[in-house]
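Participant: Here's my sequence, what's the structure:
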Amino acid sequence: MAPKVSVLIPTYNYARYLPEAIESVLSQSFTDFELLIIDDHSTDDTAEIATRYAQKDKRVCFRVNRRNIGMVENWNLCLKEAEGEYVKYLFADDLLCSVDAVRLMVEALDEDPQVSLVASARQIIDSEGRPIEILTHFPDSGRIDGRRVINRCLRCQKNLVGEPTAVMFRKRLCPEGFNPKFRQIVDMEFWFRLLEAGGFAYINRPLAAFRRHDVQQTRLNRGNAPLILEDTERLLRDYVLNEDKRYIGLSRFRKSYLVYDYNYQTWKLHRQGMLQRSEAKGRIASGYGWSRFVLGYPLYKLYKPFNKFSFRLENFFAFRPGIKG
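Facilitator: Numbers count the residues shown, from 1 in each chain. Model prediction:
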């Protein structure tokens, strides 16, 4: 009989943190789960550690890839092998910081068949597990229309849902998995597809801990300027400027602002030393127009502070408990 939940740990060279992650799953009050660990051909002690847990607990299944296939591909391999109705990712350098994390997320999905994705607040910890802050982008727990959340993410240019460690979703709604064309914001784009299919449930309580450290893949990706730009450009094209996405409620001015901001971020990467001036200018000139970019700069700088303030104000009043539309 298939388990209710598949907890997935895709990992690569995280032997230092893996035991803590596994223990946080095995200590859950909800027990109808499988724990699938797929190691992307690590060079550390990951295999030895995971094998030891698999031998002790029949719910733990461990596999090693014959070769390194990459982060997103390994996420998708985990998803493909999952047998549960619901899927809960947990990265090997993170952990569940509540014994009721899985139970509470399962209840949120069971209570409302229209909810496709549930997320919680996150406890941010450092490399040694020390608490840094609690991160939440919604003022209260409740249910929200999924497409409304997409619009908010696009407007504020931020992943309001959170990292894969902080969510649970229905497997049947995502047969194609994560889009490997995205690298840095691959999770947010995946959430968008789930939210197009249903509602969003939020638990304003830190159920998962997200670890910040110097060798995590997302931090390493931030040093790759072309990767960042390609992800942003693709998201703009696929959602903000896609006329088929009729639920995107951004005004023409807001869309223009987001396109300009993308070009400004391109120029900012040059100023930060991450992109050659000629490459930054060439990208802007070919995709937007250099003169147009220069002329639009004063209006952009004038509007940007207002944009941030209006988003905070709207966010304070918008997402209240039980709101669905």
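
Participant: Buried residues, stretch 58-70. List them.
Facilitator: Buried residues in stretch 58-70, counted by 16 or more other C-beta atoms under 10 Å: 59-62, 65. C-betas here are computed from N, CA, C, even on glycine.

Participant: just the residues you listed now: which is nearest Arg16?
Facilitator: Phe62 (17.4 Å; C-beta to C-beta).

Participant: any idea of the pLDDT on that closest one?
Facilitator: For Phe62, the pLDDT comes out at 98.

Participant: So it belongs to a strand, correct?
Facilitator: Yes: the assignment for Phe62 (DSSP: H, G, I helix; E, B strand; the rest coil) places it in a strand.

Participant: domains in this structure, as residue ranges please.
Facilitator: Listed domain ranges for the chain are 5-218, 221-318 (source: automatic domain parsing).

Participant: where does the stretch 151-300 of the chain have low pLDDT?
Facilitator: 215-223 (pLDDT under 70).

Participant: Now the two most distant members of the buried residues of stretch 58-70.
Facilitator: Spanning the widest gap among these are Arg59 and Asn65, at 21.3 Å by C-beta to C-beta.

Participant: sorry, back to before: including distance to Ala119, could the buried residues of stretch 58-70 go into JSON lines?
Facilitator: As requested, the buried residues of stretch 58-70 are exported to JSON lines (distance: C-beta to C-beta, whole Å):
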{"residue": "Arg59", "distance to Ala119": "24"}
{"residue": "Val60", "distance to Ala119": "25"}
{"residue": "Cys61", "distance to Ala119": "25"}
{"residue": "Phe62", "distance to Ala119": "27"}
{"residue": "Asn65", "distance to Ala119": "28"}
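
Participant: what's the closest of those to Ile37?
Facilitator: Nearest to Ile37, judged by C-beta to C-beta, of the buried residues of stretch 58-70 is Phe62 at 4.8 Å.

Participant: these two touch, right, the closest one and Lys56?
Facilitator: No: contact criterion C-beta atoms under 8 Å: Phe62 and Lys56 do not qualify, at 11.4 Å.

Participant: Return the most buried member of the domains of the chain.
Facilitator: Of all these, domain 5-218 has the most neighbours on average by mean count of other C-beta atoms under 10 Å, namely a mean of 19.

Participant: What is the distance between that one and the centre of its chain?
Facilitator: Relative to the mean C-alpha coordinate of its chain, domain 5-218 is positioned 9 Å out (C-alpha atoms, centre = their mean, to the nearest Å).

Participant: any idea which helix or strand carries the nearest residue to Asn307 once chain neighbours are set aside?
Facilitator: Nearest in space to Asn307, with sequence neighbours left out and distances taken as C-beta to C-beta, 6 or more residues apart in numbering, is Tyr257 at 6.9 Å. For Tyr257, the element it lies in under DSSP states H and E is helix 252-271.

Participant: now the residue nearest to Asn307: how far from Ile150?
Facilitator: Note on Tyr257: its distance to Ile150, by C-beta to C-beta, to the nearest Å, is 17 Å.

Participant: What is the nearest of the buried residues of stretch 58-70 to Pro19?
Facilitator: Val60 (12.1 Å).

Participant: wait, what's in contact with the closest one?
Facilitator: 22, 26, 35, 37, 50, 53-54 (C-beta atoms under 8 Å, 6 or more residues apart in numbering).

Participant: Helices - which of those land there?
Facilitator: 22, 26, 50, 53-54 (DSSP state H).

Participant: what's the farthest-apart pair in those?
Facilitator: Leu26 and Ala50 (12.5 Å).

Participant: any chance you could map the strands in this protein?
Facilitator: For the chain, the strands defined by DSSP state E occupy 5-11, 33-39, 60-64, 86-89, 95-96, 115-125, 131-135, 142-144, 167-170, 199-211.

Participant: now the third one against strand 5-11, angle please.
Facilitator: Using axes from the mean of the first three to the mean of the last three C-alpha atoms, to 10 degrees, the direction of strand 60-64 lies 30 degrees away from that of strand 5-11.

Participant: hmm, back to that, pretty sure the residue nearest to Asn307 contacts Lys301?
Facilitator: No: with contacts counted by C-beta under 8 Å, Tyr257 stays clear of Lys301, the gap being 11.7 Å.

Participant: what about the helices in this structure?
Facilitator: Under the criterion DSSP H, the chain contains helices at 18-26, 46-56, 71-81, 101-111, 146-156, 186-197, 217-221, 225-235, 252-271, 277-287, 290-318.

Participant: possible to save the ones you listed as TSV with distance to Pro164?
Facilitator: Converted to TSV, the helices of the chain look like this (distance: least, C-beta to C-beta, whole Å):
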stretch	distance to Pro164
helix 18-26	13
helix 46-56	19
helix 71-81	7
helix 101-111	13
helix 146-156	15
helix 186-197	5
helix 217-221	11
helix 225-235	16
helix 252-271	24
helix 277-287	30
helix 290-318	23
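
Participant: between these, which gets nearest to Glu128?
Facilitator: With C-beta to C-beta as the measure, helix 18-26 is the member of the helices of the chain nearest Glu128 (11.1 Å).
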